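> Return atomic coordinates for the entry below.
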Amino acid sequence: MKRKELRKIIIFLLIPIIVVSCSTHKEAIKVSEDEQAYFDMEEGEAVEIKDEESEYEIIILEPGFNAWLLSVAQPEGYYSQNFLENRNDILVINWNQRVMQPQLFDPNLYIFQIDYDPNIDYGYEVNYKLYNYFIYFQRKYNQRLGPFFPRI
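Numbering: from 1, shown residues only. Take a look at the predicted model:
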């Protein structure tokens, strides 16, 4: 066997081992009964996220999110804008990757891509509500969009 051919075989055999070893045990997200009540809501008002200065807007039509945001999520000002922007960048990338792979991820959960550019200042409110929507979504549907656990 030629050296070049051997390298291809070794690489090919190592890939499945690496993939298996990188898959980690994903801890289920535990929610309280109070929080679950928001997840079970079938109706709710839309949440409009916009920043007057930047003219960017997001509308979230998820029953229970607005009530959850007002009662369960950390209050505005708890996180810095820099923290929110960094997390949103990671979460949006993972979200959009899932939208593009409907054969691997539920297309009923990941419907639309999110157009989020980390080089644009969307303002605090847009970043705060977007980040909290990701937390809400991950907790409600037991999903993990990033390397960090979605906690409140």
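
> contacts, neighbours, all on C-alpha from now
Fine.

> By mean pLDDT, flag the weakest helix or strand of the chain.
The helix or strand of the chain with the poorest confidence is helix 3-22; it has a mean of 42 (mean pLDDT, DSSP states H and E).

> Please name the residues that touch Ser71.
For Ser71, no contacting residues are found, by CA atoms under 8 Å, 6 or more residues apart in numbering.

> and Ile111, how far is that from Glu76?
Ile111 is 28 Å from Glu76, where distance means CA to CA, to the nearest Å.

> Likewise for Phe39?
21 Å.

> Compare those two and say which one has the larger neighbour count.
Remark: of Phe39 and Glu76, Phe39 carries more neighbours, 21 against 13, as counted by other CA atoms under 10 Å.

> unless I'm mixing things up, the more buried one is touching Phe137, no?
No: Phe39 is beyond contact range of Phe137, at 9.1 Å (criterion: CA atoms under 8 Å).

> what's the average pLDDT for stretch 102-118?
Stretch 102-118 comes out with an average pLDDT of 93.

> Quote the end-to-end distance of that stretch.
Terminal-residue distance, stretch 102-118 (CA to CA): 25 Å.

> What's the per-residue pLDDT of Gln36 here?
Note on Gln36: pLDDT of 71.

> Before we go further, it is sitting in a helix, right?
Yes: counting by DSSP: H, G, I helix; E, B strand; the rest coil, Gln36 is part of a helix.

> Which pLDDT value goes with the residue nearest to it when sequence neighbours are not counted?
Excluding the flanking residues, the one nearest Gln36 by CA to CA, 6 or more residues apart in numbering is Lys140, at 7.7 Å. You'll see Lys140 listed with a pLDDT of 91.

> and the strand or helix carrying Lys140, which residues are buried?
In this assignment (DSSP states H and E), Lys140 forms part of helix 124-141. Judged by neighbour count using 16 or more other CA atoms under 10 Å, the buried positions of helix 124-141 are 124-140.

> picking up where we left off before, the residue nearest to Gln36 and Arg151: what is the separation?
12 Å.
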